[in-house]
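**Student:** how would this look folded up:
(chains A and B)
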Amino acid sequence: MSDASINASTVRAKSHADEASFGDFFALLKPRVMSLVVFTALVGLLAAPVPVHPFVGFCAILFIAIGGGASGALNMWWDADIDRVMKRTKKRPIPAGKVDEGEALAIGLALSGLSVIMLGLATNWFAGAFLAFTIFFYVVIYTMWLKRSTPQNIVIGGAAGAFPPVIGWVAATGSMSLEPWLMFALTFMWTPPHFWALALFMRSDYDDAGVPMLTVTHGRRATRRHILVYTALLAALAVGTAFSGIGGSIYLTVAVVLNALFLRGAWQIARRTEDDAEADDFKVERSFFKLSLLYLFLHFGAILVEALLKPYGLGGWS
Amino acid sequence: MSLRKTHELHQRRFSRNLGVGLTLAAFIVIIFGLTVVKVSGTDFSLATQEVQN
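**Tutor:** Numbering: from 1, shown residues only, chains lettered A, B, ... in the order given. This is a model prediction of the structure:
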(Lines give C-alpha, C1' and ligand atoms only; values in the text may rest on other atoms or scores of the structure.)
Protein backbone atom coordinates (compact mmCIF):
# COMPACT_ATOMS: atom_id res chain seq x y z
CA MET A 1 0.00 0.00 0.00
CA SER A 2 1.41 3.38 -0.95
CA ASP A 3 1.79 6.34 1.41
CA ALA A 4 -0.78 8.23 -0.62
CA SER A 5 -3.45 5.54 -0.19
CA ILE A 6 -2.72 5.24 3.55
CA ASN A 7 -3.08 9.00 3.93
CA ALA A 8 -6.25 9.05 1.87
CA SER A 9 -7.87 6.29 3.92
CA THR A 10 -6.85 8.01 7.17
CA VAL A 11 -8.37 11.27 6.02
CA ARG A 12 -11.56 9.49 4.91
CA ALA A 13 -11.89 7.64 8.22
CA LYS A 14 -11.45 10.88 10.16
CA SER A 15 -13.93 12.81 8.05
CA HIS A 16 -16.51 10.03 8.46
CA ALA A 17 -16.10 10.03 12.23
CA ASP A 18 -16.43 13.81 12.36
CA GLU A 19 -19.40 14.01 10.04
CA ALA A 20 -22.23 16.01 11.53
CA SER A 21 -25.50 14.30 12.38
CA PHE A 22 -28.82 16.13 12.46
CA GLY A 23 -28.36 16.44 16.22
CA ASP A 24 -25.12 18.39 15.72
CA PHE A 25 -26.92 20.95 13.57
CA PHE A 26 -29.71 21.11 16.15
CA ALA A 27 -27.10 21.70 18.89
CA LEU A 28 -26.08 24.89 17.02
CA LEU A 29 -29.44 26.33 18.09
CA LYS A 30 -28.52 26.05 21.80
CA PRO A 31 -31.56 23.94 22.80
CA ARG A 32 -31.20 24.65 26.52
CA VAL A 33 -31.27 28.42 25.98
CA MET A 34 -34.13 27.86 23.53
CA SER A 35 -36.15 26.15 26.27
CA LEU A 36 -35.92 29.33 28.39
CA VAL A 37 -36.94 31.40 25.36
CA VAL A 38 -39.93 29.11 24.70
CA PHE A 39 -41.11 29.22 28.29
CA THR A 40 -40.81 32.99 28.84
CA ALA A 41 -42.32 33.78 25.42
CA LEU A 42 -45.21 31.41 26.19
CA VAL A 43 -45.84 33.19 29.48
CA GLY A 44 -45.77 36.56 27.69
CA LEU A 45 -48.26 35.28 25.12
CA LEU A 46 -50.67 33.72 27.62
CA ALA A 47 -50.46 36.56 30.16
CA ALA A 48 -51.60 39.02 27.48
CA PRO A 49 -55.25 40.06 27.89
CA VAL A 50 -56.13 38.99 24.34
CA PRO A 51 -57.12 35.46 23.31
CA VAL A 52 -54.98 33.86 20.62
CA HIS A 53 -55.97 30.91 18.47
CA PRO A 54 -54.09 27.90 19.90
CA PHE A 55 -52.46 27.04 16.56
CA VAL A 56 -51.39 30.63 15.93
CA GLY A 57 -50.03 30.74 19.49
CA PHE A 58 -48.11 27.51 18.90
CA CYS A 59 -46.64 28.90 15.67
CA ALA A 60 -45.71 32.18 17.37
CA ILE A 61 -43.77 30.34 20.10
CA LEU A 62 -42.16 28.05 17.53
CA PHE A 63 -40.91 30.93 15.39
CA ILE A 64 -39.71 32.89 18.41
CA ALA A 65 -37.79 29.75 19.45
CA ILE A 66 -36.33 29.34 15.95
CA GLY A 67 -35.28 33.02 15.99
CA GLY A 68 -33.60 32.45 19.36
CA GLY A 69 -31.93 29.32 18.00
CA ALA A 70 -30.75 31.19 14.91
CA SER A 71 -29.06 33.83 17.04
CA GLY A 72 -27.43 30.98 18.99
CA ALA A 73 -26.00 29.57 15.73
CA LEU A 74 -24.68 33.00 14.75
CA ASN A 75 -23.18 33.37 18.21
CA MET A 76 -21.38 30.03 17.81
CA TRP A 77 -20.13 31.09 14.37
CA TRP A 78 -18.63 34.33 15.70
CA ASP A 79 -17.33 32.87 18.97
CA ALA A 80 -15.80 29.70 17.52
CA ASP A 81 -12.29 30.86 18.45
CA ILE A 82 -13.04 31.32 22.16
CA ASP A 83 -15.33 28.29 22.29
CA ARG A 84 -12.27 26.19 21.40
CA VAL A 85 -10.48 27.53 24.49
CA MET A 86 -13.21 27.29 27.12
CA LYS A 87 -13.81 23.94 28.80
CA ARG A 88 -17.56 24.60 29.01
CA THR A 89 -17.89 25.16 25.23
CA LYS A 90 -15.22 22.87 23.79
CA LYS A 91 -17.75 20.21 22.83
CA ARG A 92 -19.98 22.54 20.82
CA PRO A 93 -20.39 21.43 17.18
CA ILE A 94 -17.85 23.89 15.66
CA PRO A 95 -14.96 23.41 18.14
CA ALA A 96 -15.63 19.64 18.05
CA GLY A 97 -15.05 19.74 14.28
CA LYS A 98 -18.53 18.48 13.43
CA VAL A 99 -19.89 21.60 11.75
CA ASP A 100 -17.98 24.18 9.68
CA GLU A 101 -18.13 27.84 10.64
CA GLY A 102 -19.61 28.67 7.24
CA GLU A 103 -22.39 26.14 7.74
CA ALA A 104 -23.26 27.68 11.11
CA LEU A 105 -23.36 31.15 9.54
CA ALA A 106 -25.61 29.94 6.71
CA ILE A 107 -27.99 28.15 9.07
CA GLY A 108 -28.09 31.15 11.42
CA LEU A 109 -28.87 33.63 8.66
CA ALA A 110 -31.42 31.40 6.94
CA LEU A 111 -33.31 30.61 10.15
CA SER A 112 -33.19 34.28 11.24
CA GLY A 113 -34.89 35.38 8.03
CA LEU A 114 -37.37 32.49 8.10
CA SER A 115 -38.38 33.02 11.74
CA VAL A 116 -38.91 36.79 11.37
CA ILE A 117 -40.99 36.46 8.20
CA MET A 118 -43.05 33.57 9.54
CA LEU A 119 -43.72 35.28 12.89
CA GLY A 120 -44.80 38.42 11.01
CA LEU A 121 -47.15 36.40 8.79
CA ALA A 122 -48.53 34.24 11.60
CA THR A 123 -49.17 37.08 14.09
CA ASN A 124 -48.26 40.68 13.23
CA TRP A 125 -45.29 42.61 11.83
CA PHE A 126 -44.68 44.46 15.09
CA ALA A 127 -43.81 41.09 16.67
CA GLY A 128 -41.73 40.14 13.61
CA ALA A 129 -39.77 43.38 13.81
CA PHE A 130 -39.24 42.85 17.54
CA LEU A 131 -37.83 39.38 16.88
CA ALA A 132 -35.52 40.79 14.20
CA PHE A 133 -34.29 43.44 16.65
CA THR A 134 -33.70 40.78 19.33
CA ILE A 135 -31.57 38.68 16.95
CA PHE A 136 -29.65 41.82 15.93
CA PHE A 137 -29.14 42.80 19.58
CA TYR A 138 -27.86 39.36 20.61
CA VAL A 139 -25.59 38.81 17.60
CA VAL A 140 -24.27 42.28 16.82
CA ILE A 141 -24.57 44.31 20.04
CA TYR A 142 -23.77 41.52 22.50
CA THR A 143 -21.73 38.85 20.69
CA MET A 144 -19.74 40.97 18.25
CA TRP A 145 -19.36 44.15 20.27
CA LEU A 146 -19.93 44.02 24.03
CA LYS A 147 -18.89 40.51 24.97
CA ARG A 148 -15.21 41.05 24.30
CA SER A 149 -14.97 44.76 25.04
CA THR A 150 -16.63 45.53 28.37
CA PRO A 151 -17.12 43.85 31.76
CA GLN A 152 -20.73 45.08 31.54
CA ASN A 153 -21.22 42.56 28.69
CA ILE A 154 -23.56 40.39 30.74
CA VAL A 155 -25.59 43.34 32.05
CA ILE A 156 -26.42 44.92 28.68
CA GLY A 157 -26.33 41.66 26.73
CA GLY A 158 -28.88 40.22 29.15
CA ALA A 159 -31.47 42.36 27.38
CA ALA A 160 -31.39 39.98 24.42
CA GLY A 161 -32.48 37.07 26.60
CA ALA A 162 -35.14 39.25 28.22
CA PHE A 163 -37.02 40.15 25.04
CA PRO A 164 -38.93 36.85 24.40
CA PRO A 165 -41.83 37.53 26.84
CA VAL A 166 -42.24 40.98 25.24
CA ILE A 167 -42.33 39.38 21.78
CA GLY A 168 -44.90 36.85 23.03
CA TRP A 169 -47.08 39.65 24.41
CA VAL A 170 -46.78 41.70 21.20
CA ALA A 171 -47.58 38.60 19.12
CA ALA A 172 -50.86 38.29 21.03
CA THR A 173 -51.86 41.95 21.32
CA GLY A 174 -50.05 43.77 18.51
CA SER A 175 -49.32 46.52 21.03
CA MET A 176 -47.22 47.33 24.07
CA SER A 177 -47.96 48.06 27.73
CA LEU A 178 -46.20 48.05 31.12
CA GLU A 179 -46.65 44.35 31.98
CA PRO A 180 -44.38 42.81 29.30
CA TRP A 181 -41.66 45.28 30.28
CA LEU A 182 -41.93 44.09 33.88
CA MET A 183 -41.27 40.54 32.61
CA PHE A 184 -38.40 41.95 30.54
CA ALA A 185 -36.96 43.70 33.61
CA LEU A 186 -37.26 40.52 35.68
CA THR A 187 -35.08 38.54 33.24
CA PHE A 188 -32.79 41.51 32.60
CA MET A 189 -32.00 42.01 36.30
CA TRP A 190 -31.73 38.25 36.90
CA THR A 191 -29.08 37.70 34.22
CA PRO A 192 -26.05 39.40 35.88
CA PRO A 193 -26.19 37.57 39.25
CA HIS A 194 -26.86 34.31 37.39
CA PHE A 195 -23.81 34.63 35.11
CA TRP A 196 -21.50 36.21 37.67
CA ALA A 197 -22.11 33.27 40.02
CA LEU A 198 -21.17 30.98 37.10
CA ALA A 199 -18.05 33.06 36.42
CA LEU A 200 -16.99 32.72 40.06
CA PHE A 201 -16.76 28.93 39.93
CA MET A 202 -15.85 28.53 36.21
CA ARG A 203 -13.14 31.14 36.56
CA SER A 204 -10.32 29.74 34.43
CA ASP A 205 -12.66 29.45 31.43
CA TYR A 206 -13.27 33.18 30.97
CA ASP A 207 -9.67 34.05 31.96
CA ASP A 208 -8.27 31.66 29.35
CA ALA A 209 -10.57 32.97 26.63
CA GLY A 210 -9.78 36.62 27.46
CA VAL A 211 -13.46 37.51 27.87
CA PRO A 212 -13.55 40.61 30.11
CA MET A 213 -15.89 39.24 32.74
CA LEU A 214 -16.24 41.31 35.88
CA THR A 215 -14.24 38.66 37.75
CA VAL A 216 -11.29 39.31 35.42
CA THR A 217 -11.43 43.11 35.11
CA HIS A 218 -12.59 44.23 38.58
CA GLY A 219 -11.68 41.22 40.67
CA ARG A 220 -13.65 38.56 42.46
CA ARG A 221 -14.32 40.69 45.57
CA ALA A 222 -16.08 43.32 43.42
CA THR A 223 -18.04 40.62 41.60
CA ARG A 224 -19.35 39.26 44.89
CA ARG A 225 -20.54 42.77 45.87
CA HIS A 226 -22.12 43.29 42.44
CA ILE A 227 -24.11 40.05 42.84
CA LEU A 228 -25.52 41.31 46.13
CA VAL A 229 -26.47 44.75 44.75
CA TYR A 230 -28.15 43.32 41.64
CA THR A 231 -29.97 40.69 43.70
CA ALA A 232 -31.33 43.39 46.05
CA LEU A 233 -32.59 45.44 43.09
CA LEU A 234 -34.02 42.29 41.49
CA ALA A 235 -35.85 41.36 44.70
CA ALA A 236 -37.51 44.80 44.88
CA LEU A 237 -38.58 44.54 41.25
CA ALA A 238 -39.79 40.93 41.53
CA VAL A 239 -41.93 41.59 44.61
CA GLY A 240 -43.20 44.89 43.18
CA THR A 241 -44.38 43.07 40.04
CA ALA A 242 -46.88 41.22 42.24
CA PHE A 243 -48.97 44.40 42.40
CA SER A 244 -49.16 44.88 38.61
CA GLY A 245 -51.65 43.49 36.10
CA ILE A 246 -49.74 40.18 35.80
CA GLY A 247 -49.34 39.67 39.56
CA GLY A 248 -51.57 38.28 42.26
CA SER A 249 -51.49 36.49 45.60
CA ILE A 250 -49.91 33.31 44.20
CA TYR A 251 -47.18 35.26 42.47
CA LEU A 252 -46.60 37.36 45.59
CA THR A 253 -46.15 34.26 47.76
CA VAL A 254 -43.70 32.71 45.28
CA ALA A 255 -41.79 35.98 44.90
CA VAL A 256 -41.44 36.61 48.65
CA VAL A 257 -40.14 33.09 49.36
CA LEU A 258 -37.77 32.91 46.39
CA ASN A 259 -36.37 36.40 46.84
CA ALA A 260 -35.72 35.77 50.52
CA LEU A 261 -33.72 32.65 49.55
CA PHE A 262 -31.97 34.45 46.70
CA LEU A 263 -31.02 37.41 48.90
CA ARG A 264 -29.68 35.06 51.56
CA GLY A 265 -27.51 33.32 48.93
CA ALA A 266 -26.24 36.64 47.57
CA TRP A 267 -25.45 37.84 51.11
CA GLN A 268 -23.47 34.65 51.79
CA ILE A 269 -21.56 35.06 48.50
CA ALA A 270 -20.73 38.69 49.33
CA ARG A 271 -19.39 37.79 52.76
CA ARG A 272 -17.24 34.84 51.67
CA THR A 273 -13.54 35.12 51.01
CA GLU A 274 -11.80 33.26 48.20
CA ASP A 275 -10.25 30.94 50.79
CA ASP A 276 -13.72 30.02 52.09
CA ALA A 277 -14.88 29.34 48.53
CA GLU A 278 -11.81 27.28 47.61
CA ALA A 279 -12.20 25.25 50.80
CA ASP A 280 -15.65 23.91 49.90
CA ASP A 281 -15.19 24.01 46.10
CA PHE A 282 -17.54 26.98 45.63
CA LYS A 283 -20.48 25.20 47.22
CA VAL A 284 -22.43 28.39 47.97
CA GLU A 285 -21.80 29.87 44.51
CA ARG A 286 -22.86 26.62 42.84
CA SER A 287 -26.07 26.36 44.87
CA PHE A 288 -26.84 30.05 44.17
CA PHE A 289 -26.45 29.34 40.44
CA LYS A 290 -28.80 26.34 40.66
CA LEU A 291 -31.31 28.39 42.66
CA SER A 292 -31.14 31.12 40.00
CA LEU A 293 -32.43 28.65 37.40
CA LEU A 294 -35.34 27.68 39.63
CA TYR A 295 -35.90 31.35 40.51
CA LEU A 296 -36.69 32.46 36.97
CA PHE A 297 -38.71 29.35 36.14
CA LEU A 298 -40.94 29.71 39.22
CA HIS A 299 -41.48 33.46 38.81
CA PHE A 300 -42.65 33.03 35.23
CA GLY A 301 -44.55 29.90 36.27
CA ALA A 302 -46.44 31.95 38.87
CA ILE A 303 -47.28 34.64 36.27
CA LEU A 304 -48.59 31.84 34.02
CA VAL A 305 -50.73 30.36 36.79
CA GLU A 306 -52.22 33.78 37.58
CA ALA A 307 -53.06 34.24 33.87
CA LEU A 308 -54.58 30.76 33.51
CA LEU A 309 -56.78 31.22 36.61
CA LYS A 310 -58.18 34.59 35.53
CA PRO A 311 -60.94 33.19 33.26
CA TYR A 312 -62.29 31.31 36.32
CA GLY A 313 -62.49 34.44 38.44
CA LEU A 314 -59.32 33.49 40.29
CA GLY A 315 -55.82 34.82 39.79
CA GLY A 316 -54.80 38.46 39.92
CA TRP A 317 -56.12 40.74 42.67
CA SER A 318 -59.74 40.83 41.55
CA MET B 1 -34.35 -5.63 -12.51
CA SER B 2 -32.89 -5.70 -9.02
CA LEU B 3 -32.76 -2.73 -6.69
CA ARG B 4 -29.40 -1.02 -6.50
CA LYS B 5 -27.44 -1.52 -3.32
CA THR B 6 -27.66 1.54 -1.03
CA HIS B 7 -24.51 3.58 -1.21
CA GLU B 8 -22.48 3.83 2.00
CA LEU B 9 -22.99 7.60 1.93
CA HIS B 10 -26.76 7.15 2.21
CA GLN B 11 -26.42 4.97 5.29
CA ARG B 12 -23.97 7.39 6.89
CA ARG B 13 -26.18 10.40 6.30
CA PHE B 14 -29.47 8.66 7.00
CA SER B 15 -30.16 10.51 10.27
CA ARG B 16 -29.37 13.88 8.70
CA ASN B 17 -31.54 13.21 5.66
CA LEU B 18 -34.38 11.91 7.82
CA GLY B 19 -34.15 14.99 10.06
CA VAL B 20 -34.24 17.39 7.13
CA GLY B 21 -37.13 15.48 5.57
CA LEU B 22 -39.20 15.51 8.75
CA THR B 23 -38.43 19.21 9.30
CA LEU B 24 -39.61 20.10 5.81
CA ALA B 25 -42.74 17.97 6.25
CA ALA B 26 -43.46 19.74 9.56
CA PHE B 27 -43.00 23.12 7.86
CA ILE B 28 -45.55 22.18 5.19
CA VAL B 29 -48.02 21.11 7.90
CA ILE B 30 -47.51 24.44 9.71
CA ILE B 31 -48.05 26.50 6.55
CA PHE B 32 -51.18 24.48 5.76
CA GLY B 33 -52.48 24.80 9.32
CA LEU B 34 -51.85 28.54 9.42
CA THR B 35 -53.61 28.96 6.08
CA VAL B 36 -56.66 27.10 7.35
CA VAL B 37 -56.77 29.10 10.60
CA LYS B 38 -56.27 32.46 8.86
CA VAL B 39 -58.83 31.78 6.15
CA SER B 40 -61.58 30.13 8.18
CA GLY B 41 -61.16 31.16 11.80
CA THR B 42 -62.93 34.36 12.72
CA ASP B 43 -63.88 33.60 16.35
CA PHE B 44 -60.58 34.64 17.80
CA SER B 45 -60.24 37.79 15.76
CA LEU B 46 -63.79 38.84 16.77
CA ALA B 47 -62.94 38.19 20.40
CA THR B 48 -59.82 40.32 19.97
CA GLN B 49 -61.84 43.17 18.58
CA GLU B 50 -64.30 42.95 21.46
CA VAL B 51 -61.52 43.21 24.01
CA GLN B 52 -59.95 46.13 22.18
CA ASN B 53 -63.30 47.93 21.96
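**Student:** Roughly how far does the residue of the stretch 201-318 of chain A found nearest chain B sit from residue A:282?
**Tutor:** Nearest to chain B, among the residues of the stretch 201-318 of chain A, is residue A:311, at 12.1 Å (Cβ to the nearest Cβ). From N, CA and C alone the C-beta is placed, and that goes for glycine too. Going from residue A:311 to residue A:282 by Cβ to Cβ, to the nearest Å gives 45 Å.
**Student:** So for these two, which residue has more residues nearby?
**Tutor:** More neighbours surround residue A:282 than the other of residue A:311 and residue A:282, with 21 against 9 (other Cβ atoms under 10 Å in any protein chain shown).
**Student:** Near residue A:292, how many other residues are there?
**Tutor:** Using other Cβ under 10 Å, residue A:292 is surrounded by 22 other residues.
**Student:** Sketch out the low-pLDDT regions of the chain for me.
**Tutor:** Going with chain A. For chain A, the stretches flagged by pLDDT under 70 are A:1-17, A:318.
**Student:** my question was about chain B
**Tutor:** When residues are selected by pLDDT under 70, those of chain B lie in B:1-3, B:5, B:41-53.
**Student:** What segments of it are helices?
**Tutor:** B:8-12, B:14-40, B:43-52 (DSSP state H).
**Student:** Would you mind giving the ones you listed as CSV with mean neighbour count and distance to residue A:298 added?
**Tutor:** Formatted as CSV, the helices of chain B follow (neighbours: other Cβ atoms under 10 Å in any protein chain shown; distance: least, Cβ to Cβ, whole Å):
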stretch, mean neighbour count, distance to residue A:298
helix B:8-12, 10, 44
helix B:14-40, 12, 31
helix B:43-52, 12, 29
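**Student:** Which one of the ones you listed lies nearest to chain A?
**Tutor:** helix B:14-40 (3.0 Å).
**Student:** what's that closest one packed up against?
**Tutor:** helix A:22-27, helix A:54-78 (3 or more Cβ pairs under 8 Å, 6 or more residues apart in numbering or on different chains; DSSP states H and E).
**Student:** In a markdown table, list the ones you listed along with distance to residue A:129 and mean neighbour count.
**Tutor:** Listed next are those as a markdown table, based on distance: least, Cβ to Cβ, whole Å; neighbours: other Cβ atoms under 10 Å in any protein chain shown:
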| stretch | distance to residue A:129 | mean neighbour count |
| --- | --- | --- |
| helix A:22-27 | 27 | 18 |
| helix A:54-78 | 12 | 24 |
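**Student:** any chance of the helices of chain B in a markdown table, plus distance to residue A:162?
**Tutor:** Output for the helices of chain B, formatted as a markdown table (distance: least, Cβ to Cβ, whole Å):
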| stretch | distance to residue A:162 |
| --- | --- |
| helix B:8-12 | 42 |
| helix B:14-40 | 27 |
| helix B:43-52 | 26 |
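**Student:** Quick one: distance of the helix or strand harbouring residue A:179 to the chain centre.
**Tutor:** Taking DSSP states H and E as the definition, one finds residue A:179 inside helix A:178-201. Offset of helix A:178-201 from its chain centre (Cα atoms, centre = their mean, to the nearest Å): 9 Å.
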